[in-house]
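> structure, please.
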Amino acid sequence: MIKIFKYIISYIGTITLLILFTFCTQNISGKENNVIKIEPNVIIIGHEYNENGIMVACYWLNGQKITLTDGTNRATANAITMKGNNIYIAGTESTGHGGQVSYYWINEHRITLTNGEYYSSVYDIDVLENDIFVAGWDMEANNNIWIACYWKNGQRITLKNNDVLRTELKSISLVDNNIYIGGYVNLGFRPGLGSIDACYWLNENRISLPNVTYYDYASSIIKNKNDLYVLGGKFGQDDDIVWYCKNREIIILENNNKFARVTDMYIFNDDIYISGCIEIDDEIIVACYWKNGKLVYLTDGKYDSQSSGIIVY
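Reported below is the predicted structural model:
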C-alpha cells in the first residue's frame, strides 16, 4: 500500500513538472501553437473480483488497474479524495466471521472506524481543513437495523430518521461551512410516496429530490460554482435508470439497461465525470465512467467489477 501511494504522488509530481515546462516553453516562444496540451489525470476507485471469486479493492489510474488488497478477504474501496499531496480512501473489508470493518486511509496510514463485530459500510469521504468526514451506515447489533451516520475525525454522528425503515448515506460534501449528504430513505410502501425516496440532507435537514420513479437513490452530491449537482438512479424494476440532477433538473445518462449504477461525480474544467458500472453481454457487470455523457469501460468484462469514486486533476 505504501508503494502505491508513493507511486501516485510521484506521478503527480511528474505531471506538475511537465506543466511547468510547458508554461515556460509558451512564455519563451510567445507562440500559442507551441503549448503542449495536457490531458487531465483520472483516478477511479472500486473493486474487481479475482479468479477465486473474491472482491479485491483497486483503483484505475488513467485506465491502468492497481490493486489495493491481496484478495484474502472481501474488500471494497468506495471513495477517494485528494487534498494537497494527501490521498484519502474510504472502504470496507470483511472480517471472515460475519462482520465487516469500515475504515479510511490517509496515504499509507489506515484508520479504523468500526470494530467489525457487526456490519457497517462507508461510501464517501471529504476533508475540510483538518477535519475528515466519512459517510455511511453502522449496526450496533445483528438486527438488520441500519444506523444512518457519518464520522467526523473518527467520531460517529447519527442522523435522526425515526420516520423511516432504512436510511443509507452515499455521499458527503462540505461547502461554505454546510454539510451536504446524499442518499435515500426507505419509506415503506406508503400511498403517494412509493418505496425508496432519493434525497439529501443539508445540515441534517432532509430534502427530497424530484423522483424519476418510486425506486430512486442519490449517490453523490457536489456544489460547483452556484450549481448544486446530485447524482443518482433507479433500480428494482425492468430497466435501470441512471441520472444526475442539476438544480433539481433531471438529466438521464442511461435508461435501457437491465443493470446500471452511478456512484460518484467530479467536475473538472466544466467537464462532468461520473463513475459507476453497467451490465454488458452475458450478465457481466463492468466498471465504467461517463465523461460528459460518453460511456468509457474500464475492464474487459472477464470478471464483475465496479467503480465507486472518481477524482480528476
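> surely Gln100 is in contact with Tyr119?
Yes - between Gln100 and Tyr119 there is a contact at 4.7 Å, judged by Cβ atoms under 8 Å. Where you see a C-beta, it was placed from the backbone N, CA and C, and this is true even at glycine.
> buried sites along stretch 110-122?
Across stretch 110-122, burial judged by 16 or more other Cβ atoms under 10 Å covers Leu113, Thr114, Gly116, Glu117, Tyr118, Tyr119, Ser120, Ser121, Val122.
> from those, which two are the most distant?
Farthest-apart pair in those is Glu117 and Val122; separation 16.2 Å (Cβ to Cβ).
> helix or strand right after the strand or helix carrying Val185?
Assigned by DSSP states H and E, Val185 belongs to strand 178-190. Where DSSP H and E defines the elements, the next helix or strand beyond strand 178-190 is strand 194-202.
> only alpha carbons, please: show that next one as PDB.
Extracted C-alpha coordinates of strand 194-202, given in PDB (Å, rounded to 0.1, in the frame of the first residue of the first chain):
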ATOM      1  CA  GLY A 194     -43.600   4.900  -3.200                       C
ATOM      2  CA  SER A 195     -40.900   2.800  -1.600                       C
ATOM      3  CA  ILE A 196     -37.500   4.500  -1.800                       C
ATOM      4  CA  ASP A 197     -37.000   8.200  -1.700                       C
ATOM      5  CA  ALA A 198     -33.900   9.900  -3.200                       C
ATOM      6  CA  CYS A 199     -32.900  12.800  -1.000                       C
ATOM      7  CA  TYR A 200     -30.200  14.800   0.500                       C
ATOM      8  CA  TRP A 201     -29.500  16.400   3.900                       C
ATOM      9  CA  LEU A 202     -28.400  20.000   4.300                       C
END
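> packing partners of that strand?
Contact partners of strand 194-202 among helices and strands, from 3 or more Cβ pairs under 8 Å, 6 or more residues apart in numbering; DSSP states H and E: strand 178-190, strand 205-208, strand 216-224, strand 227-234.
> is it true that Arg156 touches Cys149?
Yes - between Arg156 and Cys149 a contact is recorded at 5.1 Å, counting by Cβ under 8 Å.
> can you list residues touching both of those two?
Taking Cβ atoms under 8 Å, 6 or more residues apart in numbering as the contact rule, Arg156 and Cys149 both touch Asp138.
> neighbour count winner among those two?
Cys149 (19 against 15; other Cβ atoms under 10 Å).
> show me the contacts for the more buried one.
Ala135, Gly136, Trp137, Asp138, Arg156, Ile157, Thr158, Leu159, Leu169.
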